[in-house]
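[1] Let me see the structure of the following:
(chains A and B)
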Amino acid sequence: DVKVTQSSRYLVKRTGEKVFLECVQDMDHENMFWYRQDPGLGLRLIYFSYDVKMKEKGDIPEGYSVSREKKERFSLILESASTNQTSMYLCASSLWPSGSPLHFGNGTRLTVT
Amino acid sequence: KQEVTQIPAALSVPEGENLVLNCSFTDSAIYNLQWFRQDPGKGLTSLLLIQSSQREQTSGRLNASLDKSSGRSTLYIAASQPGDSATYLCAVVNAGGTSYGKLTFGQGTILTVHP
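    Reported below is the predicted structural model:
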């Protein structure tokens, strides 16, 4: 079974802090994604990566950056956390090409105060 | 821009009923469509994936159909159980070389099955 592991289930940070959200998958997937999920807005794609060191902006990349130094690990970075980045963050991975299911981690609930 | 809509937003049924969840999408040029289940506070679990060339997929009590030309998919759940209570989301991958498997999600249907 594919396992996508997000390093924290709950995180509380202060405004202005630099925040790192880590995601690791164990199935050698090429594609990795970061989504955020908010009530009434659904899931929105922040960034994705289709290979090591490759990254593409999603629909809402502002205020975020990503890093993929190794195939199994995809990190989301909040450069200077703000209260409007309080959300559920979900990491996912899939095989290339894109005809395979997307596998999600359990999510990180981030609160910025 | 692809838009995905799910109807109804919420559904409450007694145990044992057969039910249908609906999903529609605006751009029929899709690569595949996936149905997911999400329990409260958890990530998403993939239930069924239908490739654009397929008409339906089945897994246990679940059956998903796809009518690409009309931009519609349905998820049929037979003999519903309280354990089926969750939010169900559908999502599509657009066709095209730059899609990289990016999914566009609907808002979900919150299903409650009461004993």
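
[2] List the strands paired with the helix or strand hosting A:Leu90, with their directions.
    Here A:Leu90 sits within strand A:87-94, counting by DSSP states H and E. When pairing is defined by DSSP bridges, strand A:87-94 lines up against strand A:31-38 (antiparallel), strand A:103-104 (antiparallel), strand A:108-112 (antiparallel).

[3] Turn these into CSV, including distance to A:Val52 and mean neighbour count.
    In short, each C-beta sits where N, CA and C put it, glycine included. Below are the strands paired with strand A:87-94 laid out as CSV (distance: least, Cβ to Cβ, whole Å; neighbours: other Cβ atoms under 10 Å in any protein chain shown):
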stretch, distance to A:Val52, mean neighbour count
strand A:31-38, 10, 23
strand A:103-104, 19, 22
strand A:108-112, 22, 18
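
[4] Dump the ones you listed into CSV; add distance to A:Glu62 and mean pLDDT as well.
    Supplementary listing: these in CSV, determined by distance: least, Cβ to Cβ, whole Å; pLDDT from 0 to 100:
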stretch, distance to A:Glu62, mean pLDDT
strand A:31-38, 12, 94
strand A:103-104, 23, 92
strand A:108-112, 15, 97
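
[5] Include distance to A:Phe48 when you put these into JSON lines, please.
    Below are these laid out as JSON lines (distance: least, Cβ to Cβ, whole Å):
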{"stretch": "strand A:31-38", "distance to A:Phe48": "4"}
{"stretch": "strand A:103-104", "distance to A:Phe48": "13"}
{"stretch": "strand A:108-112", "distance to A:Phe48": "17"}
